[in-house]
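Chemist: Here is a sequence together with a model predicted from it:
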Amino acid sequence: MTLLRPALSLATLLLSTTAAAQSVSSPDGRIVATLEADGEGIPAYTVTFDGEPIIERSTIGFNFTDADPMRRNFEVVAQETNSVDTQWEQPWGERRLIDDEHNELAVTFRQRDDDAREMTVRMRVFDDGIGFRTEFPEQASQPVANIAEELTEFRIASDGEAWSIPAGDWNRYEYLYERTPISALGTVHTPVTMVLESGTHISFHEAALVDYSGMWLRRMEGTRFRAQLAPSPRGPKVVREGAFHTPWRTIQIADGPAGLFESAMILNLNEPNALGDVSWVEPHKYIGIWWEMHLDTHSWASGEKHGATTERAREAIDFAAENGFRGVLIEGWNLGWDGNWFGNGREFSFTQAYPDFDIEAVAEYAEDRGVHIIGHHETGGNIDVYERQLDAAMAFYESLGIDAVKSGYVADAGGVIAPDGEGGETFVWHDGQEMVNHHLRVVQEAAEHRIAVNPHEPIKDTGLRRTYPNWVSREGARGAEYDAWAVPKNDPGHVPELIFTRMLSGPFDYTPGVFSLEGRGATEPDLPSTLARQLAFYIAIYSPIQMVADLPENLAAYPRALDFVRRVAVDWEDSRLIEGSVGEYAVIARQVREDDSWFLGGVTDEMPRDVTVSLDFLPADTDYVATVWEDGPAADGLGEDRHDMTVREVRVQRGSTLDLHMGRAGGFAVELVPAGE
């Protein structure tokens with residue numbers, strides 16, 4: 001749904017044109033972007049914020065495997081401007097209504113040579129940043145573009161601090177973040193977030209990644225970075241025929257962390273919903289036959305330890321029904337898990353179950369109790385096998401009433417098995433062009449069967465959930481599974497970093513809710529977390545689907561915590577950062593969708609914190625009952641007493657404050673409900 005407001009007049013663009021440069025400003029005038037071709041005919045752009053440089057002159061260009069570069073000898077031959085001021089509604093999301101207000105400048109450059117190739121750079125400037133892409137028309141001199149590398153630069157105007165994970169390494173996106181000077185970065189994944197010496201917060205990413213290779217950022221020297229496309233075994237990193245455009249290269253810009261957290265620019269740079277009615281996509285909470293495999297008490301493979309049995313599935317369904325959880329994820333139900341499936345996947349069947357799992361009977365048992373089975377498609381990183389079964393697999397789930405599927409691509413980076421086009425295999429990267437296209441094929445096929453998709457080991461989120469709202473969540477970072485078996489485990493600063501890095505791109509299926517705070521074989525304090533922090537994750541980490549990851553018996557052992565996860569919402573009217581600092585702590589408020597109730601969540605790093613939260617976001621003239629789950633006086637997520645949690649109620653209203661405590665690696669959660677409800 002799009003709600004139109006009157007468009008701005010072109011006079012508000014603050015457009016200036018000289019022989020060398022064309023500029024466009026954000027609606028509030030604080031951000032100004034300029035496009036030009038210099039004396040050598042090299043296309044470039046600059047960005048300022050409040051008159052101060054953010055991006056110094058940075059070039060735009062392309063190398064090809066079979067044609068001359070598009071880098072220099074350009075002239076400006078055309079330009080156009082536009083202005084948009086609209087509002088649209090998400091079918092689900094961290095906020096229901098999204099404002100899209102931006103000014104646009106498109107400049108067409110033509111090379112001064114015999115081929116006279118053209119490209120148009122389209123720049124959209126919002127109050128919270130800029131997005132630009134390069135558009136290629138059909139060109140007789142180059143009917144197929146075999147892109148070897150994109151030469152887009154980002155010359156950051158000053159040094160500062162950065163939070164990043166490495167790109168091009170074996171573990172895809174699943175790393176702990178490093179806090180370094182900007183000038184000390186190497187090659188990193190996006191989003192990568194920075195705080196400049198001036199205090200300005202910026203984050204680099206991309207939007208609407210379609211039929212193209214994912215972008216990494218590579219530091220060239222000092223604070224000069226260049227786009228680096230994910231590799232391909234086929235030579236060109238991107239192959240496109242006819243007219244096409246790159247994804248949007250995005251730079252979110254804000255005074256502080258709240259401006260990054262509340263930005264909707266990535267979504268606004270994506271196309272509207274292409275699926276029509278998506279009322280069948282339902283946000284939900286779920287449990288699963290999953291955590292026990294990470295604890296190694298059960299297995300995905302068949303045999304005595306097999307987790308996905310008919311009996312155990314029925315027990316999980318009963319627990320979900322008793323506690324109001326819509327879904328039960330069942331992993332390891334299908335043939336193919338025996339032997340070496342990691343980075344292999346050649347034996348997986350997506351329609352045949354192990355003998356000790358009667359999938360038809362389990363689906364019927366769940367339906368009778370008002371519970372939905374969440375399907376599972378682990379591919380072992382073999383998209384050749386998966387795509388050959390894709391239609392049958394989705395049709396099979398639809399026939400059983402299964403309307404959501406978690407998929408997986410467990411293989412080392414560069415080890416995804418794809419068809420080579422000649423009846424054999426080749427190996428591609430998780431974020432190369434082939435995988436970008438594969439994920440979209442899966443999402444589109446799933447939509448044909450009214451199934452929502454949640455990929456793990458995925459391609460990164462670039463806002464395509466707007467266009468395909470059945471793409472409900474994904475992994476794409478280090479999640480809670482690392483707390484079961486990894487050394488080191490997720491450190492206390494990891495979630496406060498995720499909120500301002502990975503989470504800027506979209507929903508994250510982190511799989512919180514480990515009430516026991518124990519991983520595999522724990523004999524001493526294990527997970528760096530308090531119990532209250534596990535509850536805070538449901539507010540701090542956004543996803544329209546939220547797992548309650550621990551074993552049912554562990555969840556039942558902590559009834560006060562279980563009471564909270566029964567009550568917490570997963571779909572929101574509004575979301576705000578109340579206070580926070582990148583990588584250190586965050587306090588987040590979210591309003592329940594089309595409701596007057598709110599939830600507050602806070603997480604901290606290894607530092608204990610006491611915060612006083614103003615409730616000025618509440619409506620006036622309404623009393624609220626605040627139920628608070630917070631770290632108790634002895635709670636210490638890095639010490640012996642990690643389960644000390646106090647639960648209290650207090651009556652509040654707009655103008656009230658709440659004093660809240662977080663221990664080391666701790667947190668809090670608050671439900672705010674109008675009094676009398």
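Modeler: Here it is on my side, so go on.
Chemist: Quick check, residue 666 in contact with residue 533.
Modeler: Yes - if you go by Cβ atoms under 8 Å, residue 666 and residue 533 touch, sitting 5.2 Å apart. The C-beta positions use only the backbone N, C-alpha and C, and glycine is treated the same way.
Chemist: what touches both of the two?
Modeler: Overlap of the contact sets of residue 666 and residue 533 (by Cβ atoms under 8 Å, 6 or more residues apart in numbering) consists of 603, 631, 637.
Chemist: Can you give me the domain boundaries for this protein?
Modeler: What automatic domain parsing lists as the domains of the chain is 2-268, 283-476, 478-543+550-677.
Chemist: Quickly, which of the ones you listed bottoms out on average pLDDT?
Modeler: Note on the domains of the chain: domain 2-268 shows the lowest mean pLDDT, a mean of 93.
Chemist: Any idea how far that one is from the middle of the chain?
Modeler: Distance, stretch centre to chain centre, for domain 2-268: 19 Å (Cα atoms, centre = their mean, to the nearest Å).
Chemist: Let me know which of the domains of the chain is the nearest to residue 277.
Modeler: With Cβ to Cβ, the closest approach to residue 277 among these belongs to domain 2-268: 9.0 Å.
Chemist: Let's have the domains of the chain in JSON lines, adding distance to residue 275.
Modeler: Listed next are the domains of the chain as JSON lines, based on distance: least, Cβ to Cβ, whole Å:
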{"stretch": "domain 2-268", "distance to residue 275": "9"}
{"stretch": "domain 283-476", "distance to residue 275": "5"}
{"stretch": "domain 478-543+550-677", "distance to residue 275": "17"}
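Chemist: and residue 274, which of those is closest to it?
Modeler: Of the domains of the chain, the one closest to residue 274 (Cβ to Cβ) turns out to be domain 283-476, at 5.1 Å.
Chemist: So residue 222 is in contact with residue 183, correct?
Modeler: Yes - the criterion here is Cβ under 8 Å, and residue 222 meets it with residue 183 at 5.7 Å.
Chemist: can you give me the strands for the stretch 351-500 of the chain?
Modeler: 372-378, 404-408, 416-419, 425-428, 452-456 (DSSP state E, counting those that start in this stretch).
Chemist: got these as JSON lines, with mean neighbour count and distance to residue 119 columns?
Modeler: Formatted as JSON lines, the strands of the stretch 351-500 of the chain follow (neighbours: other Cβ atoms under 10 Å; distance: least, Cβ to Cβ, whole Å):
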{"stretch": "strand 372-378", "mean neighbour count": "25", "distance to residue 119": "39"}
{"stretch": "strand 404-408", "mean neighbour count": "24", "distance to residue 119": "36"}
{"stretch": "strand 416-419", "mean neighbour count": "21", "distance to residue 119": "29"}
{"stretch": "strand 425-428", "mean neighbour count": "17", "distance to residue 119": "27"}
{"stretch": "strand 452-456", "mean neighbour count": "24", "distance to residue 119": "32"}
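Chemist: could you dump these to CSV with distance to residue 115?
Modeler: Shown next, in CSV, are these (distance: least, Cβ to Cβ, whole Å):
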stretch, distance to residue 115
strand 372-378, 45
strand 404-408, 43
strand 416-419, 33
strand 425-428, 31
strand 452-456, 40
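Chemist: mind checking which of those strands is nearest residue 104?
Modeler: Of the strands of the stretch 351-500 of the chain, nearest to residue 104 by Cβ to Cβ is strand 452-456, at 31.5 Å.
Chemist: Restricting to C-alpha, output that closest one in CSV.
Modeler: What follows is strand 452-456, C-alpha atoms only, in CSV (Å, rounded to 0.1, in the frame of the first residue of the first chain):
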residue,chain,number,x,y,z
ALA,A,452,7.7,-17.8,3.7
VAL,A,453,11.5,-18.2,3.5
ASN,A,454,14.2,-17.9,6.1
PRO,A,455,17.7,-18.7,4.7
HIS,A,456,20.7,-19.4,6.8
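Chemist: by contact count, what packs against that strand?
Modeler: Packing partners of strand 452-456 (3 or more Cβ pairs under 8 Å, 6 or more residues apart in numbering; DSSP states H and E): strand 404-408, helix 433-448.
Chemist: Identify the residues contacting the host helix or strand of residue 536?
Modeler: If you go by DSSP states H and E, residue 536 is part of helix 531-540. Contact partners of helix 531-540, identified using Cβ under 8 Å, 6+ apart, comprise 495, 499, 510, 512-515, 517, 546, 558, 561, 564-565, 568, 570, 586, 588, 590, 599-603, 629-631, 635, 637, 642-645, 662, 665-669.
Chemist: Filter those residues down to just the ones in strands.
Modeler: Using DSSP state E, the members of the contacts of helix 531-540 that fall within strands are 546, 586, 588, 590, 599-603, 629-631, 645, 662, 667-669.
Chemist: how about the helices in the stretch 301-450 of the chain?
Modeler: 310-323, 359-368, 383-399, 433-448 (DSSP state H, counting those that start in this stretch).
Chemist: can you tell me which of those helices comes nearest to residue 455?
Modeler: Using Cβ to Cβ as the measure, helix 433-448 is the one of the helices of the stretch 301-450 of the chain that comes nearest residue 455, at 6.4 Å.
Chemist: Just name whatever secondary elements that closest one is in contact with.
Modeler: Helices and strands touching helix 433-448, as assessed by 3+ Cβ pairs under 8 Å, 6+ apart, comprise helix 383-399, strand 416-419, strand 452-456.
Chemist: can I get these in TSV with distance to residue 656?
Modeler: Shown next, in TSV, are these (distance: least, Cβ to Cβ, whole Å):
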stretch	distance to residue 656
helix 383-399	48
strand 416-419	53
strand 452-456	38
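Chemist: who wins for proximity to residue 123 among those?
Modeler: strand 452-456 (31.2 Å).
Chemist: Quick one: work out the angle between that closest one and strand 404-408.
Modeler: Angle between the axes of strand 452-456 and strand 404-408 is 20 degrees (criterion: axes from the mean of the first three to the mean of the last three Cα atoms, to 10 degrees).
Chemist: Identify the spatial nearest neighbour of residue 263, chain neighbours not counted.
Modeler: Leaving aside its chain neighbours, residue 263 sits nearest to residue 128 (4.2 Å; criterion: Cβ to Cβ, 6 or more residues apart in numbering).
Chemist: dump the residue contacts of the one you found.
Modeler: Counting by Cβ under 8 Å, 6+ apart, residue 128 touches 252-254, 259-260, 262-265.
Chemist: In ChimeraX, how would I select just the buried ones from the residues you listed?
Modeler: Applying 16 or more other Cβ atoms under 10 Å to the contacts of residue 128 leaves a buried subset, and the ChimeraX line that selects it is:
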select :252,253,254,259,260,263,264,265
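Chemist: Determine which two of the contacts of residue 128 are furthest apart.
Modeler: The span of these, defined through Cβ to Cβ, is set by 253 and 264 at 13.9 Å.
Chemist: residues touching residue 438, list them.
Modeler: Residue 438 neighbours (Cβ under 8 Å, 6+ apart): 383, 387, 418.
Chemist: actually residue 144, not the one I typed
Modeler: If a contact means Cβ under 8 Å, 6+ apart, then residue 144 has 239-241 as its contacts.
Chemist: Over to residue 614?
Modeler: Per Cβ under 8 Å, 6+ apart, neighbours of residue 614: 578, 655-657.
Chemist: which among those end up buried?
Modeler: 578, 656.
Chemist: As TSV, the contacts of residue 614 with distance to residue 426 and secondary structure would be great.
Modeler: Listed next are those as TSV, based on distance: Cβ to Cβ, whole Å; DSSP: H, G, I helix; E, B strand; the rest coil:
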residue	distance to residue 426	secondary structure
578	49	strand
655	63	coil
656	61	coil
657	60	strand
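Chemist: quick check, nearest of the contacts of residue 614 to residue 245?
Modeler: Closest to residue 245 out of those is residue 578 (38.2 Å), distances taken as Cβ to Cβ.
Chemist: Hmm, that closest one is touching residue 600, no?
Modeler: Yes - assessed by Cβ under 8 Å, residue 578 is found in contact with residue 600 at 7.5 Å.
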